[in-house]
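Enquirer: Pasting a predicted model and its sequence here:
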Amino acid sequence: MSGDAKGMGDDEQVPVAELSDDPCFDAINMLNYYLDQELTETIRATITRHIESCHGCLKTYEFHTELRVVVQRRTVTRVPDDLRARIAREIGQ
């Protein structure tokens, strides 16, 4: 696959060579690349069609999507107020 994946440079490649004969395997195997929008439009469209038509893969997709939201919410680091004030003083605000 060439670097025509969204967000990829010309010399970068998604570490997935091509689709197999098993659409469920492909959908699950490439799910993180799919969620990160790192697949070519052609492969992304193929996986989208499969996820929309396969109950098992749709459930896996929904789980991983929700998991990403939970992890993102829980990993937000709150900057302590004293550090925030010290930084503001340093930059003159």
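Expert: Cool, got the structure. These figures come from a predicted structure and were not determined experimentally. Numbers count the residues shown, from 1 in each chain.
Enquirer: wouldn't Leu31 be in contact with Glu62 here?
Expert: No. Using CB atoms under 8 Å, Leu31 is not in contact with Glu62, being 11.0 Å away. Every C-beta, even on glycine, is put in place using the N, C-alpha and C of the backbone.
Enquirer: And the two? Which one has more around it.
Expert: Leu31 (18 against 11; other CB atoms under 10 Å).
Enquirer: mind checking how far the more buried one is from Pro80?
Expert: 36 Å (CB to CB, to the nearest Å).
Enquirer: so Val79 is in which element?
Expert: Val79 is part of no helix or strand, with elements assigned from DSSP states H and E.
Enquirer: likewise Arg68?
Expert: helix 55-74.
Enquirer: Extract the residue ranges of the chain that are flagged as low pLDDT.
Expert: Across the chain, the ranges flagged by pLDDT under 70 are 1-17, 93.
Enquirer: Need the residue closest to the centroid of it.
Expert: The centroid of the chain falls nearest to Asp36 when counting by CA atoms, centre = their mean (2.3 Å).
Enquirer: Would you mind measuring from that one to Pro80?
Expert: For Asp36, the distance to Pro80 equals 31 Å [CB to CB].
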